[in-house]
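In: With the sequence up front, the predicted model follows.
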Amino acid sequence: MATRSRPLTGNNGGNTMHAVRHKVLVVDDERIIADTLSQIFAENGYQARPAYDPGQATELISKWLPDLIIVDIILPRMSGLDLAIFVKERFPTCRVLLFSGQTATANLLEDAEARGYTFEILPKPIHPREVLEAARRILSDLPANQSGCSAPSAE
């Protein structure tokens, strides 16, 4: 895989030099996609990590507390939508962006909405600029003093 010599965005992923470097977790069982998107985010000023299955993702989310989780809807053992709902239930401040190359995901999104969850979805294949722009937009209202998902409260 060739490494780009400059970022795809002209503004360091929407962050300034003094801003928090947002953490992005990319979850896809296709390693090349997770690795490539993670690299693109890293090259554009984000802290980024890949995860290749829901179990690895939930472990990373609990330990690393990312600001944004980008999840493929079609994953082994647990759908990306179920993972997104799991995340929102346990870490309500986490931002989640779904993506999928499957046309049959509309029913899954309708089911999530019926359960009170609304998620943005991007179609695969996706151009890196589109996913970077979506991330910038989703993270644009994150307070400067907030870095990462809120850890679950002890009740």
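Out: Nice, I can see it.
In: Would you map the strands across this protein?
Out: For the chain, the strands defined by DSSP state E cover 23-27, 47-51, 68-72, 95-100, 120-123.
In: between the longest one and strand 68-72, how big is the angle?
Out: Direction vectors for strand 95-100 and strand 68-72, defined by axes from the mean of the first three to the mean of the last three Cα atoms, to 10 degrees, enclose an angle of 20 degrees.
In: contacts for strand 95-100?
Out: 67-74, 80-81, 84, 87-88, 105, 119-124, 126, 131, 134-135, 138-139, 142 (Cβ atoms under 8 Å, 6 or more residues apart in numbering). In this view, the C-beta of every residue, glycine as well, is placed from N, C-alpha and C.
In: swap the cut-off to 6 Å and go again
Out: The contact list for strand 95-100 (Cβ atoms under 6 Å, 6 or more residues apart in numbering) reads 68-73, 80, 84, 87, 119-122, 124, 134, 138.
In: What is the lowest-pLDDT residue among those?
Out: For the contacts of strand 95-100, the weakest pLDDT value sits at Lys124, with 85.
In: Can you report how many residues neighbour Glu120?
Out: 13 (other Cβ atoms under 10 Å).
In: Pairing partners for it in the sheet, please.
Out: Bridge pairing for Glu120 (DSSP bridges) gives the partners Leu97.
In: ok so, going back, narrow the contacts of strand 95-100 to just the buried residues.
Out: Buried by 16 or more other Cβ atoms under 10 Å: 68-73, 80, 84, 87, 119, 121-122, 134, 138, out of the contacts of strand 95-100.
In: and of these, the nearest to Ile32?
Out: Sorting the buried ones among the contacts of strand 95-100 by distance to Ile32 puts Asp72 at the head of the list, at 12.1 Å, by Cβ to Cβ.
In: quick one on the thing from earlier: of the contacts of strand 95-100, which is the nearest to Ile40?
Out: Nearest member of these to Ile40, counting by Cβ to Cβ, is Ile70, at 10.9 Å.
In: Extract the CA atoms of the lowest-mean-pLDDT helix or strand in the chain and return them as PDB.
Out: Lowest mean confidence among the helices and strands of the chain (mean pLDDT, DSSP states H and E): helix 106-114, at a mean of 80. What follows is helix 106-114 as a C-alpha-only set of coordinates in PDB (Å, rounded to 0.1, in the frame of the first residue of the first chain):
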ATOM      1  CA  ALA A 106     -32.400  -0.400   5.100                       C
ATOM      2  CA  ASN A 107     -34.400  -2.900   7.200                       C
ATOM      3  CA  LEU A 108     -31.700  -2.900   9.900                       C
ATOM      4  CA  LEU A 109     -31.800   0.900  10.100                       C
ATOM      5  CA  GLU A 110     -35.600   0.900  10.300                       C
ATOM      6  CA  ASP A 111     -35.400  -1.600  13.200                       C
ATOM      7  CA  ALA A 112     -32.800   0.600  15.000                       C
ATOM      8  CA  GLU A 113     -35.100   3.700  14.600                       C
ATOM      9  CA  ALA A 114     -38.000   1.700  16.000                       C
END
